[in-house]
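In: Generate a structure from the sequence data that follows.
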Amino acid sequence: MHAIGIIPARYASTRLPGKPLIDLGGKSMIRRVVEQAQRSSLSRVVVATDDERIQRHVESFGGEALLTAPDHPSGTDRVRDAYQQLGISADCIINIQGDEPFIHPAQIDALVQLFNRSTPPQLATLVKPVVSDEELFSPHLPKVVLDTQGYAMYFSRHPLPYQRQYPSADWLLHHRYLRHIGLYAYRPDVLEEITQLSPSPLELAESLEQLRWLENGYRILTAETELATLGIDTPEDVERALMQLKANGEEVDS
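Out: Predicted coordinates for the structure are as follows:
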């Protein structure tokens, strides 16, 4: 199995400019993502960036980085750009979010394992059980419903299913909800195909790119994880990340 990881990392961010280079306890966020990915079974880990500052920084700690076009509409398009530049053949490509410094190697490996099947999936992603009402009703944490074979049927920022017979405060007592973890895996040929698709009505309604793929007939297999992640989008997220590093036993300057 030849699986490679590509980490899209844009410099621009409305709420956190230069987000990949933000210091988290003595290491940049992008370095933490790269080092976590390198602990997995991936044969190669590459950062795909639109900015030379990020490229130079990644190379300064021994990582590999490629400059991609600056105007890609999504991380998926940036991943495709980087894969084409690499000029190699892989069994699967893992798109690792550049703002997930606590991504666990086991989460990456869970997706890689799906491609060891006799018939590899077209696409794959991670799901995690919802454990609180805060998670369930947060529009920032997309939920997913699966079929009996573990393929995604739909993603939504709203809790699905709607339980008509119970008050919403009791929904978690009567149904096992799953939230989506934004780690994706693609067959190379499928990655090429999906980046040619136009935005779809469901995608535009929910602002969730993966709905474009479902709406066009692609199937997304899921693997389940119990491990939590923490995406960094705001200054408050940075503070939470520093607290998590302290809880993990790292020395973090106040």
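In: need the contact list for residue 7.
Out: 30, 33, 34, 37, 45, 46, 47, 48, 96, 97, 98 (C-beta atoms under 8 Å, 6 or more residues apart in numbering). All C-beta atoms are positioned from the backbone trio N, CA, C, and that covers glycine.
In: following whatever helix or strand it lives in, which helix or strand comes up?
Out: Following DSSP states H and E, the helix or strand that holds residue 7 is strand 3-9. Downstream of strand 3-9, the first helix or strand assigned by DSSP H and E is strand 23-24.
In: Could I get the buried residue list for stretch 65-82?
Out: For stretch 65-82, a neighbour-count test (16 or more other C-beta atoms under 10 Å) marks 65-68, 72, 75-82 as buried.
In: What's the end-to-end length of it?
Out: 9 Å (C-alpha to C-alpha, to the nearest Å).
In: Distance from the chain centre to it, please.
Out: Averaged C-alpha coordinates place stretch 65-82 at 15 Å from its chain's average position (C-alpha atoms, centre = their mean, to the nearest Å).
In: same question, stretch 20-36
Out: 16 Å.
In: neighbouring contacts of it?
Out: By C-beta under 8 Å, 6+ apart, stretch 20-36 touches 7, 9-11, 16, 19, 45, 47, 49, 53-54, 57-58, 61, 63, 96-105, 232, 238, 241-242, 245, 250-253.
In: hmm, which of those are the buried ones?
Out: For these, a burial check counting by 16+ other C-beta under 10 Å picks out 7, 9-11, 16, 19, 45, 47, 49, 54, 57-58, 63, 96-104, 232, 238, 241-242, 245.
In: Go through those residues and flag which are in helices.
Out: Using DSSP state H, the subset of these located in helices is 54, 57, 58, 238, 241, 242, 245.
In: can you tell me which of those lies nearest to residue 196?
Out: Distance to residue 196, by C-beta to C-beta, is smallest for residue 54 among these, at 26.9 Å.
In: tell me the contacts of that closest one?
Out: Residue 54 neighbours (C-beta under 8 Å, 6+ apart): 9, 11, 20, 21, 30, 47, 65.
In: Please repeat the previous calculation with a cut-off of 10 Å.
Out: Applying C-beta atoms under 10 Å, 6 or more residues apart in numbering, we find residue 54 in contact with 9-11, 18-21, 28, 30, 47-48, 65, 67, 98.
In: just curious, which of these is nearest to residue 197?
Out: Nearest to residue 197 out of the contacts of residue 54 is residue 48 (C-beta to C-beta; 19.6 Å).
In: So what's the residue count around the closest one?
Out: 28 (other C-beta atoms under 10 Å).
In: So it versus residue 89, what's the distance?
Out: Distance of residue 48 to residue 89, computed by C-beta to C-beta, to the nearest Å: 18 Å.
In: go on, residue 65?
Out: Going from residue 65 to residue 89 by C-beta to C-beta gives 21 Å.
In: and what of residue 35?
Out: 26 Å.
In: Between those two, tell me which one has more neighbours.
Out: residue 35 (16 against 9).
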